[in-house]
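In: please work out how this folds:
(chains A and B)
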Amino acid sequence: MQRLWNEFSESSRIALTQIRANMMRSVLTALGVIIGIVAVTLMGTAINGIDVGFQNSLAMLGDDVLYVQKWPWGRVDDWWNYQNRPLIRPEMSDQLNRVIEDSRDSLLQVAVPVAARGGPVKTGENQIGGVQIVGTTANYSQMMSADFKEGRLFNDTESAGGRQVCVLGFDVAEALFPNSSPLDQSVKISGQPFTVIGVLAKQGAFLGLFSFDNQVMVPLNAYRKYFSFNSNSSQLRVKVKDKNRMEEAKEELIGAMRRVRGLLPGERDNFSINQQQAFREQLDPIKKGIAFAGLFITGLSLFVGAIGIMNITFVSVKERTKEIGTRKALGARRRSILLQFLIEAVSICLIGGLIGLTLTFSLCLILQSTMPSLPVVFSGSLVIISMVVSIATGIVSGFAPAWGASRLDPVVALRYE
Amino acid sequence: MTVAPAPTATGSRHYREPGSVVIEIEDVTKEYKMGEEIVHALRGVSLNVRRNEYLAVMGPSGSGKSTMMNMLGCLDTPTTGKYHFTAKDVSSMSDDELADIRNREIGFVFQTFNLLPRSSTLANVELPLIYAGLSPSARRDRAIAVLHSVGLGERMGHKPNELSGGQRQRVAIARALVNNPSIILADEPTGNLDSRTGEEIMQLLEDLYAQGNTIIVVTHEEDIARHARRIVRLRDGLIESDVRQN
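Out: Predicted coordinates for the structure are as follows:
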């Protein structure tokens, strides 16, 4: 054990001496590894970023909310079977809530109707188009994932009376009231005047596709009075009491909806229950595909770096053949010689890896400060993984030349000039 | 460490009675393949070396002298025949077992010194002790003691290229001594030195012999061989003569 440790520390010392003695060569060789590690770790941060963005987006949907809709999320091949389904009407939420109240130990808490359409919102001088206009009830507060920047959601009275009050999404408020508080101000939504009673905090975009901040929320009764009712987007959102029992809750909801719809046993469901899990299942393979392809392509550059290490270790062994002979004459075993050259290869890789990691880290910091929307996440596990990859690269690429060195015949090696 | 400051025994030469057998070579042959040709470097050599002997192996080039040296140094194994080193059968040992024998039992002194160019004198002398598994402090103590005994106590931090040829060979001798080997095997130890420095090195070997070391010098120079107490001459892979002298 003592002997192995001695050889290990001696080999490390030799490796550092050699690297210093052949500075230019070592730097050029390490450059290959540096580029490889930067490429792989940058890809790693991007994959991490995508993953975190994905998780954040799913969190916006709520992990304890079931969506009752006409269409399921994701692709369907037999669209005609869904097209002819009856509408999910907002009144059904009252029926559903009654069923929920009647059943004992229900896993469901409350059902809320939500309808949505696009439209313009304007004040005296500012106008933005394509805003998501969402109609819902005061119960929506029970399942909101967003926080309020200021103000509040409409209360039961305002909701039931269809009062013309609204809550603005963060971007809408920024665009319409850049310098002042929108509270108690009047806006025109699709031409109808509404008073602002709340502003939502920033939420971000769902999977980078559509923004939750580009919306206004109004009482459903006001929505139905003034805006044409786009039935396809009409849905019920059902809050579940215990998110660890989502599957059971889903079963209960299916049963409750069948009662509301008056479906006979044997008839097929004419509604879809959606949840964030569906997205996860759909997007996971895509995410994995991106990660695999990205890591494979960037891994190629690391492979080129590894070839450089192998080459330089071969050169190093050739140059120091006589030294190998001397060491063997003085009692170095095969293992000692193998270890010496392996450690040399690993040292260059490790130094290259550390430099590469530092570069990636600074690049990430720059990216995050200049383009905050870019999904770049630098994690501790990335540090460990890239260090392990560096060491593994050194071992794999240094092994063949080091093995050759350890097998040299001392007589031949000593005679080598 | 048994090495003490050099005794000033000039004039009558020191002689020690040989002790137990260290090297026992019995009818050893060695064949090489050189391209298509098979070279018979040794054709049946038998030789015993005892402790406290000072032996010179001589012969012209092509006599099998180098092969003999590699064999004696356990760098190579015989094609046929037996080689016992301190009663252990070397002919059938693995590479790593041979490495251990070389490490513990044999101190090499090469014609070209073979010092590690980027390591200090001290580190060069410590090298065999690393492979012997000694702790850093023990290595250091022993290397320092040996360097003092060969008169290089002031040069421990120097790199080989900062030393003269004679000093380099002294470092190599210190390295050969540091693990208390059974024999010191010197291959043309003065071959790269001028005659005065060479004489100094031979005096150092003489002192080491006087202190009880076993020394084998491989050389083609009569002047060098004359220092030994016994001369073995090789010719065409066979021992031509084996003479003791005092």
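In: ok, the top helix by length along chain A near chain B or not?
Out: Criterion DSSP state H: the longest helix present in chain A is helix A:276-319. No - using Cβ under 8 Å from any Cβ of the partner chain, helix A:276-319 never reaches chain B; the gap is at least 11.3 Å. Using the backbone N, CA and C atoms, a C-beta is placed for each residue, glycine as well.
In: name the nearest residue to the closest residue to chain B within chain A, sequence neighbours excluded.
Out: Nearest to chain B in chain A, going by Cβ to the nearest Cβ, is A:Gly331, at a distance of 2.3 Å. Spatially, and ignoring its direct neighbours in sequence, A:Gly331 is nearest to B:Asn103 (2.3 Å; Cβ to Cβ, 6 or more residues apart in numbering or on different chains).
In: ok, B:Ile239 - contacts?
Out: B:Val45, B:Ser46, B:Leu47, B:Val232, B:Arg233 (Cβ atoms under 8 Å, 6 or more residues apart in numbering or on different chains).
In: which of the residues you listed count as buried?
Out: B:Val45, B:Leu47, B:Val232, B:Arg233 (16 or more other Cβ atoms under 10 Å in any protein chain shown).
In: got any ranges where the chain has weak pLDDT?
Out: By default, I'm working from chain A. Counting by pLDDT under 70, chain A contains low-confidence ranges at A:205-210, A:230-232, A:373-375.
In: actually chain B
Out: B:1-12.
In: which residues of it lie near chain A?
Out: Counting by Cβ under 8 Å from any Cβ, chain B sits next to chain A at B:70, B:73, B:75-76, B:95-96, B:99-100, B:102-104, B:108, B:110, B:114, B:116, B:118-119, B:127-128, B:130-136, B:175, B:179.
In: now, the buried ones among the contacts of B:Ile239 that are in strands?
Out: B:Val45, B:Leu47, B:Val232, B:Arg233 (DSSP state E).
In: neighbours of A:Asn274, how many?
Out: Residues contacting A:Asn274 under the criterion other Cβ atoms under 10 Å in any protein chain shown number 20.
In: what's near enough to touch it?
Out: Residues near A:Asn274 by Cβ under 8 Å, 6+ apart: A:Leu66, A:Tyr67, A:Val68, A:Gln69, A:Pro72, A:Trp73.
In: ok, back up a step: could you list which of the residues of chain B next to chain A belong to strands?
Out: Mapping the residues of chain B next to chain A onto strands (DSSP E) picks out B:Phe108.
In: need the buried ones from the residues of chain B next to chain A selected in ChimeraX.
Out: The buried residues among these can be selected in ChimeraX (16+ other Cβ under 10 Å) with this line:
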select /B:70,73,75,76,99,100,102,103,104,108,110,114,116,118,119,127,128,130,131,132,133,134,175,179
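In: just checking, A:Ala59 touches A:Ala146?
Out: No - with contact taken as Cβ atoms under 8 Å, A:Ala59 and A:Ala146 are classed as non-touching, separated by 10.6 Å.
In: these two: who's more crowded?
Out: With neighbours defined as other Cβ under 10 Å, A:Ala59 and A:Ala146 compare such that A:Ala146 has more, 17 against 13.
In: pretty sure the more buried one is touching A:Leu200, no?
Out: Yes - using Cβ under 8 Å, A:Ala146 and A:Leu200 qualify as a contacting pair, with a distance of 4.8 Å.
In: CA-only coordinates of stretch B:175-188 in CSV, if you can.
Out: Below are the C-alpha coordinates for stretch B:175-188, written out as CSV (Å, rounded to 0.1, in the frame of the first residue of the first chain):
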residue,chain,number,x,y,z
ARG,B,175,22.0,5.6,-6.4
ALA,B,176,23.5,2.1,-6.9
LEU,B,177,24.4,1.9,-3.2
VAL,B,178,21.3,3.5,-1.6
ASN,B,179,19.3,0.3,-1.3
ASN,B,180,22.2,-1.8,0.2
PRO,B,181,22.5,-4.2,-2.8
SER,B,182,24.3,-7.5,-2.7
ILE,B,183,26.3,-6.6,-5.7
ILE,B,184,27.3,-3.4,-7.6
LEU,B,185,27.3,-4.0,-11.3
ALA,B,186,29.3,-1.4,-13.2
ASP,B,187,29.2,-1.3,-17.0
GLU,B,188,32.2,0.5,-18.4
